[in-house]
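> sequence and predicted structure, then a few things I'm wondering about:
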Amino acid sequence: MALFPAFAALSNTKDENSPKDLEWLSNQSFRTDDALSIHQRATEKANEAEPAQTSRLVTKEREDKNHISSKKKKKEKEKKKKKRKKHKKSGEPSPANSGSDSDTIYPSDLLKKGQDEGSFVWLDDLQTPTDRPFCVDRRADRANWEYKSLYRGDIARYKRKGSSSLGLNPRSQAVSWAESGPEKKKSDRRNRPVRYFSPSVRQHLRSDGQPVLPSPPPEGGAITSPFIPVPPCLEVEVEGMAKGQSSWVNPLGVYDSATSLWLQGKGKAEHGRAEEPPPAPRDPSAALLAERVEDFNRRLRENPEDTHAWLRFVRFQDEVASGPGAFGDPPENETERRKSSVRATLEKKVAILDRAVDSNPGCVELKLERLRLCRELWEPAVLLKEWKKLVFVHPNSAPLWKKYLLFVQSHFSTFSVSKVNGVYGKCLSTLAAVQDGSMVSHDALPGTEEHMLGIFLQQCHFLRQAGHSEKAVCLFQGMLDFTFFKPDTVKDLPTRQQVEFFETFWDSGEPRVGERGARGWRAWMTQQERGGWLQPNEPDDEDDEDQEESEVKDMTWPKWKIWLDVETSREAVHWLPWRPDKTKGQSVEDCEDPDRQVLFDDIGPSMIRLVRPDLQLCLLLSFLHFLGLPADPSCYSAPSWSVLLDDLTLLEEVHDQDAPLTSYDLLVPGVSPVGHMTSLQGTRKGAGLCKQGEEFLDNMFQMILPLLPAQERAILSLHWIQYEKLKVLRCARGRNKKRLKAQGKRSKRLAKRLLKEPENRGRLSLWREYAHLEWLLGNLEEARKVFDTALGLGVSGGLADPALCDLCLLYAQLEVEEAWRVGSVTSSPAVYVLAKLAEGSSYAPFSGQLAPVAVLKARKTYEQAVESYLPGLVEGASGLGHAKKPRRVKGLVGCYALFQYLTVGIDATDAVYNLARERLEQQPNTAAQEQVVGELDWTRSTALECEALAVQRAALLRHHTDASVYPLGHLRLALTSALVRFPSSAPLWRLYVQVENRYHSAGRARRFFHSVTKVSASVVPRLFAISAEQRRKQLVDSVQRAGSYGDTLSTLPENGLSNRIRCLFENAIATEHGVHCPLLWRMYMNFLVSEGKVETGRGIFYKALQDIPWAKGLYMDAAQLFPDHVQEFLDLMTEKELRLRVPMEEVDILLED
């Protein structure tokens, strides 16, 4: 077939001399003679038709006057096409010169002309070749008849370079291609309807609504209208105001036009120029923003020393940025005005803070806010320089040092463990010099000693989280020696000189606190003055140490798993610092791991003086909690302590079905103890410390207890027994009977040893813990005997003894749980115990039913006790010279509430708790507040009591709803009202999540979580919100994976849970305290990997490094989740100086051995 079918007559003549390989360049269908003749005829016809064409155009315009508008539109389109053409050939015919005498012809109009010149047939169907292998299809397309054009989808998109159409006569035929220009698209975009997510609608929703109220009828006039008239809408009122020349600068309409222009900063229009139209009415929300800005400017101009006003003005800029653009701008510019970037808003805030700092050069709070905002704008080197300059100017500000330490600790580019530890030492040494007066340029601020202790504890936990457990333990050892065993000869010296004397003791090689044979700094220095003592070579009774087993448990494991297991095992055993044993002839060179040795330079600058006894006790209790002993969760409930949260047990359910009332007795605050660092999904190696750790703890108690007063010794003994009870409880939950039996023997032996002490025989708190320990071991009769013995010793104290109330409350709760577990209807033993407590006389074990008269007497006694004890909350008589302290009433209220529950009902119990809450929340008089001494002030003590009572109430309501038919709304109301007051209470959140997980719909719980997190800065509500959604997703996934389509589903399928959980994570890490929470980042990374988004989870790991580079647990999680990049993570740990106990090269050696 020829290239051009119109010239199908091919010539058989070929050029003999032309090469064969260039035949594809020759056009066989083109003939020069025919082309020249056609070109000549076309030129002649064009010259002849030129004069006649003009006359036909004029005649056509006169005849067709009705088509003038269509002609203009066509000419405008042709002009636009001419402007787009860059080049045009001179010989090309144009529609302006040819074809203008005919109307537009659509493809469907071609049916009226000509006849078929052939029949339509496919080329492949031809049996014999023909010289006309084409035909003209004149069949009409009905779509073209209807739409007068071709379907746009059938037309190839291209830019037209000319106006002619191939195949049509350019003089009499033309095709109009209707194309939509950019102007039409732009107008369509402007006229697009406003959607619910558009900026104007969002701004309208945020603005206050305009109430539409009917105007009152005139006085004395009769209402003749059959309906109440409604005032005009807001738009009509605005138009009326615009007509009355009223605006935001002229609200009363009393200024003339010149004054209004002057107030707006505009000039008067020149003479002769047309008057401008009146300004469009402003948006009410924009006017409100303008008024608030004007108010801020006026107040700050009148009182520039108001730092809180400056900070409120800075936070107000976020509201301005989300507002409708510039003040008074017309609405059509609103979208463009609101496209300002976050960087522009930050720069505006920094500019405001610069002015604030200039007006208040001594305000630290303004400078801190400025540095916080500049973290996104300045380079790291510039930011670090500004921080150093700020702490140099204000070296006595402990809150400023805390912020600076958190910045250095979380700045990844300049982070290393040694640098941060050095900054901690510099901070504490500077504050110590300020406190003792060595730094004469700055005075000590109030509360410096408390802040110094908080910074010291933060340093110890930082080293623990970084893996340097040996340095953290040495810090505590040094502080205990420096505080409790300080020689009298150096007490009056400055802190720096005391540290120099202490260095000689530390480097002498003498045993320290917790080590065998330790005597303390004071005894060593006294003996040195007398000539020193010789170390006897005592025979070691424990030379028969067990041979170390192979650290590699399974050779078939992958290499990364072996490293993770060995690292965790050594972390649990090697957290104590290594000391050479002189009895065995060891020296410093015998240590296999040099990092286990701690030098004095690492701990010396952090030694501080603690003078107050309550702070010394707080230091001791903090060290016990560091070792894993139960501590008061309120110590770590402050939002600033979120950097310590790294234990997933904070979110785990501790509710025991057999112990619904007492399972919340021992709580874990979410901070991992030393020696238990592992991956987030890993399990602990044991219930307590290792063998060396238990020996260390025993030695420390024996060394410290004789130095303390009797009351503080009782507190330490109580924590010790609670620690043993906690280990028994963990063994019981582990379902390992052999381990439980062995641990029970050790714990009972320790409890009996403590109770045999003469001063502890009357301590009801210790008897209470020992009886509970026996109950957990399953020895119910033995436990009852212990309870009865304790009640016989102290029942005479009655309701005035808080320890006796706590003992009776636990005894009654355990009896109620046991009766419910065995299915007993009555709870007579519990009622008997509570009645005997109210009676206050001699006690005898329960033998039968209690008389009704005794119940009535006990109720009356409880009512009088609650009425007399709750209003005062202060022990001691007024008028005495000694200080008073808050009374503990949670035991009393708990006993009364449980007594009412067993004898009357749940409504009476609720009334007791409501009365106690109302009385506790009443603020006492100023005189009573001034008499409360110690760190635990009146407000904090009241909050602790209210939170404990709220937990008791929720647990009792939960038990009642499980045991009988009762509306769950009462329990939900109690939990929500308590959580609004105590948003950081982990026990209340656990109960709330357990209750809400029963429902298919999670909307109520989500709304409540959102309302709490919106007003609370703590990270605890956000963690529980995420945990609740994850549990819900696990339930939905388990149902969907079951595949039992015929059965009834236990829950309704729900989509979008993964996206919701990710949104909760993102919102949590965007907060001030959530961004530095290791537990939050680790949970986020684990969740993404569990969803199959491995690369996204790995990206979150590197994002987390920018905020928590010190958390070793994060690297261990990454090694478990991304095993292909383990070596990269280990190199990163080595670079940042995190503690790496097992290098990968050592793992290879272990595998070879």
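Received the coordinates, thanks.
> how near is Gln597 to Thr483?
To Thr483, Gln597 is 24 Å away according to CB to CB, to the nearest Å. C-betas here are computed from N, CA, C, even on glycine.
> these two: who's more crowded?
Thr483 (19 against 15; other CB atoms under 10 Å).
> which residues sit in contact with the more buried one?
With contact set as CB atoms under 8 Å, 6 or more residues apart in numbering, Thr483 has these partners: 609-610, 616, 619.
> in helices, which of the residues you listed appear?
616, 619 (DSSP state H).
> make TSV out of the contacts of Thr483 and add neighbour count and distance to Arg1139.
Converted to TSV, the contacts of Thr483 look like this (neighbours: other CB atoms under 10 Å; distance: CB to CB, whole Å):
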residue	neighbour count	distance to Arg1139
Arg609	17	29
Leu610	20	28
Gln616	19	29
Leu619	20	24
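> mind picking the two most distant members of the contacts of Thr483?
Arg609 and Leu619 (11.5 Å; CB to CB).
> which SS class is Trp1110?
Under the three-state scheme (DSSP: H, G, I helix; E, B strand; the rest coil), Trp1110 adopts coil.
> my guess is it contacts Ala466. True?
Yes. Contact criterion CB atoms under 8 Å: Trp1110 and Ala466 qualify, at 4.8 Å.
> so what sits against both of these two?
417, 1138.
> residues near Arg530, how many?
Applying other CB under 10 Å, we find 7 residues neighbouring Arg530.
> output the contacting helices and strands for the helix or strand encompassing Leu804.
According to DSSP states H and E, Leu804 maps onto helix 802-822. When contacts are defined as 3 or more CB pairs under 8 Å, 6 or more residues apart in numbering; DSSP states H and E, helix 802-822 packs onto helix 764-776, helix 780-794, helix 828-839, helix 890-903, helix 938-963.
> now Arg315: how far from Thr678?
The value you get for Arg315 to Thr678, if CB to CB is used, is 41 Å.
> pLDDT score for Leu697?
pLDDT, Leu697: 93.
> cool, Leu300 as well?
Leu300 is given a pLDDT of 90.
> burial check on it, number of neighbours?
With other CB under 10 Å as criterion, Leu300 counts 19.
> the residue lying closest to it once chain neighbours are set aside: which element?
Residue nearest to Leu300 in three dimensions, not counting chain neighbours: Ala309, with 5.8 Å by CB to CB, 6 or more residues apart in numbering. Element membership of Ala309, judged by DSSP H and E, is helix 307-321.
> how far does that helix sit from the chain's center?
23 Å (CA atoms, centre = their mean, to the nearest Å).
> packing partners of it?
Secondary elements touching helix 307-321 (3+ CB pairs under 8 Å, 6+ apart): helix 284-302, helix 342-359, helix 364-374.
> quick one, which of those is nearest to Tyr424?
Of the helices and strands packed on helix 307-321, nearest to Tyr424 by CB to CB is helix 364-374, at 18.9 Å.
> now do the buried residues in the closest one.
364-371, 373-374 (16 or more other CB atoms under 10 Å).
> ok, now stretch 378-385?
So stretch 378-385, judged by 16+ other CB under 10 Å, has buried residues 383-384.
> hmm, who's touching that stretch?
In contact with stretch 378-385 (CB under 8 Å, 6+ apart) are residues 371, 374-375, 386, 411, 413-414.
> ok, 6 Å please
Ser413 (CB atoms under 6 Å, 6 or more residues apart in numbering).
> please compute how far that stretch lies from its chain's middle.
26 Å.
> same deal with stretch 411-418?
Here stretch 411-418 is found 23 Å from its chain centre; the criterion is CA atoms, centre = their mean.
> now stretch 565-581
33 Å.
> now the end-to-end length of it.
29 Å (CA to CA, to the nearest Å).
> just the mean pLDDT for it, thanks.
For stretch 565-581, the per-residue pLDDT averages 89.
> give me the buried positions along it.
By neighbour count on 16+ other CB under 10 Å, the buried set for stretch 565-581 is 565-569, 571-579.
> which other residues reach that stretch?
469-470, 474, 551, 586-587, 591, 596-598, 674-675, 677-678, 685, 690, 692, 1141-1142.
> just the buried residues of the residues you listed.
Buried among the contacts of stretch 565-581 (16+ other CB under 10 Å): 469-470, 474, 551, 596, 598, 674-675, 677-678, 690, 1141-1142.
> so Thr861 makes contact with Ala838?
Yes. Counting by CB atoms under 6 Å, Ala838 is a contact partner of Thr861 at 4.1 Å.
> okay, those two: which has more neighbours?
Ala838 (23 against 18).
> the more buried one and Lys857 touch, don't they?
No. Contact between Ala838 and Lys857 fails when scored by CB under 6 Å: they sit 7.4 Å apart.
> re earlier: pLDDT of the helix holding Leu804, averaged?
92.
> any stretches of the stretch 801-950 of the chain with poor pLDDT?
Along the stretch 801-950 of the chain, segments meeting pLDDT under 70 span 825-827, 871-887, 923-938.
> okay, the helices and strands packed on helix 307-321, which one's buried deepest?
Greatest average neighbour count among the helices and strands packed on helix 307-321 goes to helix 364-374 (a mean of 19), per mean count of other CB atoms under 10 Å.
> angle of that one against helix 342-359?
Put simply, helix 364-374 runs at 160 degrees to helix 342-359, going by axes from the mean of the first three to the mean of the last three CA atoms, to 10 degrees.
> so how far is the following helix or strand past helix 364-374 off the chain centroid?
Next helix or strand after helix 364-374 toward the C-terminus (DSSP H and E): helix 380-393. Distance, stretch centre to chain centre, for helix 380-393: 28 Å (CA atoms, centre = their mean).
> circling back to that earlier point, distance to His1010 added to the helices and strands packed on helix 307-321, as CSV?
CSV is the format used below for the helices and strands packed on helix 307-321 (distance: least, CB to CB, whole Å):
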stretch, distance to His1010
helix 284-302, 24
helix 342-359, 23
helix 364-374, 25
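> right, and those helices - which one's nearest Lys738?
Going by CB to CB, the one of those nearest Lys738 is helix 364-374, 54.8 Å.
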